[in-house]
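Novice: next come a sequence and a model predicted from it.
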Amino acid sequence: MLKEDFHDKCYICEFKNPISINIEHFLPHKGNHNLKFNWGNLFLSCAHCNNIKSDRFDNILNCINRDDYIENKIKLSLAPPYITRKVEIVTLSEDIKTLNTATLLDQVYNGTTIMKQIESNYIREALSTELLSFTKLILEYFTTNVPSLKEYLKIKIESELHVSSAFVAFKRAIIKEDDTLQEHFSYETILDL
């Protein structure tokens, strides 16, 4: 059930089909049986993110809470040439939950220890592949003169902006940054689905 609820993605890093899956307690239970077994407190996570978050981050944005709509509070980006760069995390709000979430995401995407940096690099490799494919679709869309291909590419791009897509926050940030892209492509917010 968690697999379907979270679209088979880690709720923190958005890696799709993670190899190592953990059931993560959004609020650390610390022996509290109500929190430990509360369905609303159980989230799908990869081992990398669960290990970093652990019980050290208990006041963060909740991706399923309407008041915590993360995409309006944090901008994630990875600049070309992607794989050689670190993920940039920009807070768009200065409340404590946003700042704590930004710290968590920085540790997840960029690593803290040698081992975590290696794991983070694997995530950034997958992210780089996704962003290259996504930007290639956009390039093809704007360079084709074939109407049926253009329509197909638009559908494909908008499917990449769906909540079930890997690293969707990064893809949506690309669209949000460009007025022309916003005019051509739309998507529903995570909480509207």
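Specialist: Right, received. Where do you want to start?
Novice: so Tyr82 sits in a helix?
Specialist: No - counting by DSSP: H, G, I helix; E, B strand; the rest coil, Tyr82 is not part of a helix but coil.
Novice: how far out from the middle of the chain is the longest helix that the chain contains?
Specialist: In the chain, assigned by DSSP state H, the helix with the most residues is helix 114-143. Mean-position distance between helix 114-143 and its chain equals 12 Å (CA atoms, centre = their mean, to the nearest Å).
Novice: what's next to the host helix or strand of Ile23, contact-wise?
Specialist: In this structure, Ile23 is located in strand 21-25 according to DSSP states H and E. Outside strand 21-25, the residues within contact range by CB atoms under 8 Å, 6 or more residues apart in numbering are 2, 11-12, 35-36, 41-47, 49-50, 53. (Glycine included, C-beta is placed from N, CA and C.)
Novice: over to stretch 157-175?
Specialist: Stretch 157-175 has contacts (CB under 8 Å, 6+ apart) with 7-9, 14-16, 70-71, 74-78, 126-127, 130-131, 134-135, 137-138, 141, 181-182, 185-188, 190, 193.
Novice: if any of those residues are buried, put those into a ChimeraX selection.
Specialist: The buried subset of the contacts of stretch 157-175, as determined by 16 or more other CB atoms under 10 Å, is captured in ChimeraX by this line:
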select :7,8,9,14,15,16,70,71,74,75,76,78,126,127,130,131,134,137,138,141,185,187,190
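Novice: sitting in helices, which of the contacts of stretch 157-175 do you find?
Specialist: Ala126, Leu127, Glu130, Leu131, Phe134, Thr135, Leu137, Ile138, Tyr141, Leu181, Gln182.
Novice: tell me the contacts of the closest residue to the first one other than its chain neighbours?
Specialist: It refers to Ala126. Spatial nearest neighbour of Ala126, chain neighbours left out: Phe15 (6.1 Å); criterion: CB to CB, 6 or more residues apart in numbering. Counting by CB under 8 Å, 6+ apart, Phe15 makes contact with Lys9, Cys46, Ile123, Ala126, Ala166, Phe167.
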